[in-house]
Each structure stands twice: as structure tokens, then as C-alpha cells.
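Student: coordinates only, sequence not included:
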């Protein structure tokens, strides 16, 4: 199993807009070999810093499946408007990828 996460610092007051952008995307994740699951996670609001932390969280059967998706037309289509909403972000997303060492279901 491979977990791919992007962390986003979203400007305080822009949380609903950020969530709507994600809800309205046509990611076609389910059409990609090896895709298992997706979650958009809302974290803590850091009042003094002026942002709320979010994470996109996808689970894949293998790291190679995730890498294939990032090179696919589905990926390009899902991310084509990513730069249009810069004002709601406090910096670029931070990617983290993890291979499973142990799991319990």
C-alpha cells in the first residue's frame, strides 16, 4: 500500500471555498488502476498564522500506481486549474508519500 498526501495551508476565511473547489473537481481517481481511496481532511486552524491546515489523502495499491496516475491525462485534467486560486493558499502544497510497513484492518 502507498499513501500520497498533500498538505495545504489555506488562508483563514477561505476554507469553504477551498472545500468547494475540491468537491467540484472531476478527478477520475476511481478510473485509475491501483486507486483504493481518497479523503480531503480538514485540520486545525492556526489563528495567529492566519491559516487552516488541510490534507488530500489518497491510498494506492502500490507506489507505481500513484506515479502512473501523476503522469496520466486524468491527472493533468484534474489539476488544470490549480493555479487559478492562489489567493486562498499560504504557500505551495507540501507532498508526502509513504509506503506501508504494517497495517491492521
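Tutor: Thanks, I have the structure now. The shown structure was predicted, so the numbers you read here are calculated from the model rather than taken from an experiment.

Student: could you point out which element follows the helix or strand bottoming out on mean pLDDT in the chain?
Tutor: Least confident helix or strand, the chain: helix 73-78 with a mean of 83, by mean pLDDT, DSSP states H and E. Toward the C-terminus, helix 73-78 is succeeded by strand 94-99 as the next helix or strand (DSSP states H and E).

Student: residues making contact with that following strand?
Tutor: Applying CB atoms under 8 Å, 6 or more residues apart in numbering, the contact partners of strand 94-99 are 1-7, 63, 66. Just so you know, the C-beta spots here come from the backbone N, C-alpha and C atoms, and that holds for glycine as well.

Student: Put the buried members of those into a PyMOL selection.
Tutor: Of the contacts of strand 94-99, the buried ones can be selected in PyMOL as follows, counting by 16 or more other CB atoms under 10 Å:
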select buried, resi 2+3+4+5+6+7+63+66
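
Student: Please flag which of the contacts of strand 94-99 sit within strands.
Tutor: Among those, the residues falling in strands (DSSP state E) are 2-7.

Student: any idea which of those residues is closest to residue 104?
Tutor: Comparing the ones in strands among the contacts of strand 94-99 against residue 104 with CB to CB picks out residue 3 as the nearest, at 14.8 Å.

Student: doesn't residue 59 make contact with that closest one?
Tutor: Yes - using CB atoms under 8 Å, residue 3 is in contact with residue 59, at 5.6 Å.

Student: Pairing partners for the lengthiest strand in the chain, with directions?
Tutor: Counting by DSSP E, the longest strand found in the chain is strand 35-46. Strand 35-46 pairs in its sheet with strand 51-60 (antiparallel), by DSSP bridges.
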